[in-house]
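In: give me coordinates for this.
(one chain, ligands or ions: 2)
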Amino acid sequence: MATIIDGKSLANELNKKTKLEVEQLKKKGIVPGLVVIIVGEDPASKIYVRNKQRKAEQLGIYSVVEEAPSTISEEDLIGIVQKYNQDPAIHGILVQSPLPKTMDEPRVTRTILPEKDVDGFHPVNVGRLFANLKGDYPIACTPRGIMTMLKHYEIPMEGKNAVVVGRSNIVGRPMMALLNNANATVTLTHRFTSNLSQYTQNADILVVATGVRHLIKADAVKPGATVIDVGMDRDENGKLTGDVDFDHVKDVAGFITPVPGGVGPMTIATLMQQIVELAKWSD
Ligand SMILES: Nc1nc(=O)c2c([nH]1)NC[C@@H]1CN(c3ccc(C(=O)N[C@@H](CCC(=O)O)C(=O)O)cc3)C=[N+]21
Ligand SMILES: [Mg+2]
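Out: Ligands and ions are numbered 1, 2, ... in the order given. From the prediction side, this is the model:
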């Protein structure tokens, strides 16, 4: 039976550190500030945004939510981003994804100043990550949170086979870069990969971010592997579940993240960590 990676408790630990960092910054007259911009009325997105705002406030971070109607033009949305680019009280700008399909989301992302890009999605920050640059820049929160979990549980990465399933810009691709920078041998698989299990069965570290419920079954996992489930899927009863068949994979894996209580809380905690870092770096 695998060790369950407790994302929730690790997130609580990280949040405590962040809260202390906020107190230190406040002594220097800096209040870290976050704006979350949400377009439209998607109820799930609204819940996430409210959760982020609540967490920010708990940690003493100044937080603004900017709600725009789904009818807003791309130009007007870019105008909102530019307003916060200029606002010295705001250190991090997050535009909640997904945007309405009519919008050019990469263009909106490019409008955010790289030094206020709390998601790490701006091509300048993506480029820094892929070039393995040292120094201070934001990194996509979900993959960075996963690295924090791997390090906390002392999962070896150097020379290990890491397989990432899913090649999104928000999870799979930055995850590939981070694992590669940590000296793992990384394979990035995706929907066109033929015979996926031949890759996953060789993974010492398996990160799954596809949005396909229970895509990964026990027979696709190497005994003792570390399995990280980024999925947030709904079962037939509307209950949150992952891309990994947890109940069976836990008997094969060495370490495994649950859903909920795994990657999700670490993503939010990493977001908070990164707002404080952006505020510090702006000083
Ligand atoms: N610009 C942008 N940045 C994001 O970081 C971003 C985004 N857009 N759009 C949506 C996704 C989704 N996301 C989640 C983070 C934490 C949980 C989370 O805390 N999940 C809990 C459970 C939540 C529940 O019960 O529904 C858990 O896994 O335990 C969920 C989802 C951030 N996102
Ligand atoms: Mg989770």
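In: distance of residue 245 from residue 179?
Out: Using C-beta to C-beta, to the nearest Å, residue 245 is found at 23 Å from residue 179. To be clear about C-beta, it is placed using only N, CA and C from the backbone, and glycine gets the same treatment.
In: neighbour-wise, which of these two wins?
Out: Of the pair residue 245 and residue 179, residue 179 is the one with more neighbours under other C-beta atoms under 10 Å, namely 26 against 19.
In: what is the mean pLDDT for stretch 244-253?
Out: The average pLDDT within stretch 244-253 is 98.
In: buried ones in that stretch?
Out: By neighbour count on 16 or more other C-beta atoms under 10 Å, the buried set for stretch 244-253 is 244-246, 249-250, 252-253.
In: out of those residues, which are inside strands?
Out: Among the buried residues of stretch 244-253, no member falls in strands (criterion: DSSP state E).
In: and this protein, which residues reach ligand 1?
Out: By C-beta under 6 Å from any ligand atom, the residues of the chain that approach ligand 1 are 48, 94-97, 119, 141, 232, 240, 259-261, 264-265, 267-268.
In: residue of the stretch 1-150 of the chain closest to ligand 1, please.
Out: Ligand 1 sits closest to residue 97 of the stretch 1-150 of the chain, with a gap of 3.6 Å, by C-beta to the nearest ligand atom.
In: now do the chain
Out: Per C-beta to the nearest ligand atom, residue 264 is where the chain lies closest to ligand 1, at 2.2 Å.
In: mind telling me what element that residue is part of?
Out: Here residue 264 sits within helix 263-281, counting by DSSP states H and E.
In: just the buried residues of that helix, please?
Out: So for helix 263-281, counting by 16+ other C-beta under 10 Å, buried means 263-280.
In: what segments of the stretch 1-150 of the chain are helices?
Out: Using DSSP state H, counting those that start in this stretch, the helices of the stretch 1-150 of the chain run over residues 7-27, 43-58, 74-85, 105-111, 123-130, 141-152.
In: hmm, who's touching the shortest one?
Out: Which is helix 105-111. 74, 77-78, 81-82, 85, 95, 97-99, 117, 119, 121-123 (C-beta atoms under 8 Å, 6 or more residues apart in numbering).
In: from the residues you listed, list just the buried residues.
Out: Among the contacts of helix 105-111, those buried by neighbour count (16+ other C-beta under 10 Å) are 74, 77-78, 81, 95, 97, 99, 117, 119, 121-122.
In: now the residues you listed as TSV including pLDDT and distance to residue 67?
Out: Shown next, in TSV, are these (pLDDT from 0 to 100; distance: C-beta to C-beta, whole Å):
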residue	pLDDT	distance to residue 67
74	98	17
77	98	12
78	98	16
81	98	14
95	98	12
97	94	15
99	95	13
117	98	21
119	98	18
121	98	20
122	98	23
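In: ok, those residues vs residue 226, which is closest?
Out: Nearest to residue 226, judged by C-beta to C-beta, of the buried ones among the contacts of helix 105-111 is residue 119 at 25.0 Å.
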